[in-house]
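Colleague: The following comprises the amino acid sequence and a computationally predicted model.
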Amino acid sequence: MIVILVLLFGMFYFLMVRPMRQREKKHDEMVQQLEEGDRVITAGGVYGEIVNISQDSIVIKIESGATMRVTKGSVLALRSTEGS
């Protein structure tokens with residue numbers, strides 16, 4: 001019975017927890033490498049270009065020319081500059 005519980009816990013860890021931690025680590029590395037001028041997509045679906053970076057937030061300029069401050073963690077991905 002204990003062996004089955006250990007196996008279930010091991011499966012849960014390798015199928016759920018470990019991949020989630022790897023994604024979080026990859027996202028954290030991407031956020032640490034952000035630079036002014038990078039084009040990004042936020043969690044809210046806003047596309048913009050980074051104009052200022054502080055310790056815990058960034059300021060992005062959107063297409064209309066307006067700027068908005070968002071947390072670094074809300075950046076989902078870098079947007080490629082080709083074809084956009």
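Modeller: Sure, I can see it.

Colleague: Give the next helix or strand downstream of the top strand by length along the chain.
Modeller: When the chain is scanned for its longest strand (criterion: DSSP state E), the result is strand 47-53. Downstream of strand 47-53, the first helix or strand assigned by DSSP states H and E is strand 57-61.

Colleague: which helices and strands does the longest strand of the chain pack with?
Modeller: strand 39-42, strand 57-61 (3 or more CB pairs under 8 Å, 6 or more residues apart in numbering; DSSP states H and E). C-beta coordinates here come from the backbone N, C-alpha and C atoms, glycine included.

Colleague: Sheet-wise, list the partners of the first one with their directions.
Modeller: Meaning strand 39-42. strand 47-53 (antiparallel), strand 75-78 (antiparallel) (DSSP bridges).

Colleague: Contacts for the longest one, please.
Modeller: Outside of strand 47-53, the residues that reach it under the criterion CB atoms under 8 Å, 6 or more residues apart in numbering are 34-42, 58-63, 67-68, 72, 79.

Colleague: re earlier: how about the helices and strands packed on strand 47-53 in CSV, adding distance to Tyr13?
Modeller: As requested, the helices and strands packed on strand 47-53 are exported to CSV (distance: least, CB to CB, whole Å):
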stretch, distance to Tyr13
strand 39-42, 31
strand 57-61, 34
